[in-house]
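Trainee: coords below, sequence missing:
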């Protein structure tokens, strides 16, 4: 059965965003579990979360619904999140350094994936002609998505990785106060992503989109692709 050209193009356009997004989120979460294991906590390992199988990490809202809504709305950024990897911070040794390392592992992984994706563009010409455009689109989107994820997750808002890192760096009383914001974080994200843009304010474009764009420009210059 022939697939209508319009449907085929829609599937292709969707897949070149979803494939790199799911891969980026999966490896981001697996990195948290690996580093937690190295610092003495095997909780994620025992629960099967140190895995490159996306099924183990998919969050219905953060991995599927939110990115889908952003695509349909023609958003200027595409990102999401997976199910948080369970970490028993009390088992990390040393606790503060362990928490910082575990939190930073996800964004660092995204930066490495962006670099690898950029370098792989040099190999696109070795592929069959029919697959070159698809591969190049995936790699370009992978660079963009991974940089956006790295910047977004380093925002100093618990339970985002940047919030965890800051809690670990701050004096204990201040860290405890900052960690209390976690109960409000989902509401803050929803307001920033959807409500404020309707009113003409785009805080995540300034806080995430612009820094990620500068990083992307710098990365392409670094790899000689600019």
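Mentor: Here it is on my side, so go on. On a predicted model such as this, the values are computed, not experimentally measured, just so you know.
Trainee: measure residue 152 to residue 46 for me?
Mentor: Separation of residue 152 from residue 46 (Cβ to Cβ, to the nearest Å): 29 Å. For glycine as for every other residue, the C-beta is placed from the backbone atoms N, C-alpha and C.
Trainee: now swap in residue 113 and tell me
Mentor: Plainly put, residue 113 is 26 Å away from residue 46 if you go by Cβ to Cβ.
Trainee: same check on residue 28?
Mentor: With Cβ to Cβ as the criterion, residue 28 and residue 46 are 20 Å apart.
Trainee: more neighbours, these two?
Mentor: Per other Cβ atoms under 10 Å, whichever of residue 28 and residue 46 has more neighbours is residue 28, with 25 against 11.
Trainee: residue contacts, the residue lying closest to that one once chain neighbours are set aside?
Mentor: Leaving out its chain neighbours, the residue that sits closest to residue 28 by Cβ to Cβ, 6 or more residues apart in numbering is residue 106, at 4.2 Å. Listed by Cβ atoms under 8 Å, 6 or more residues apart in numbering, the contact set of residue 106 reads 28-29, 31-32, 153, 161.
Trainee: and the residue most central in space within the chain, what element?
Mentor: Nearest to the geometric centre of the chain sits residue 149, at 3.2 Å (Cα atoms, centre = their mean). Using DSSP states H and E, residue 149 sits within helix 129-153.
Trainee: ok, then the element right after that helix?
Mentor: helix 161-169.
Trainee: run through who's touching the next helix or strand after that following helix.
Mentor: As assigned by DSSP H and E, the chain's next helix or strand after helix 161-169 is helix 172-179. With contacts defined as Cβ under 8 Å, 6+ apart, helix 172-179 is touched by 156, 158, 163, 166-170.
Trainee: tell me where this protein has helices.
Mentor: 5-38, 43-46, 66-72, 95-120, 129-153, 161-169, 172-179, 185-190, 196-198, 203-204, 210-222 (DSSP state H).
Trainee: what stretches of this structure score poorly on pLDDT?
Mentor: Applying pLDDT under 70 to the chain flags residues 1-11, 70-80.
Trainee: my read: residue 113 touches residue 142, true?
Mentor: Yes: if you go by Cβ atoms under 8 Å, residue 113 and residue 142 touch, sitting 6.6 Å apart.
Trainee: could you measure from the residue lying closest to residue 86 once chain neighbours are set aside over to residue 98?
Mentor: Excluding its sequence neighbours, the residue lying closest to residue 86 (Cβ to Cβ, 6+ apart) is residue 43, at 4.9 Å. Going from residue 43 to residue 98 by Cβ to Cβ gives 13 Å.
Trainee: hey, what's in contact with both of these two?
Mentor: residue 36.
Trainee: pick out whichever of these two has more residues nearby.
Mentor: Taking other Cβ under 10 Å, residue 43 and residue 98 do not tie; residue 98 has more neighbours (22 against 17).
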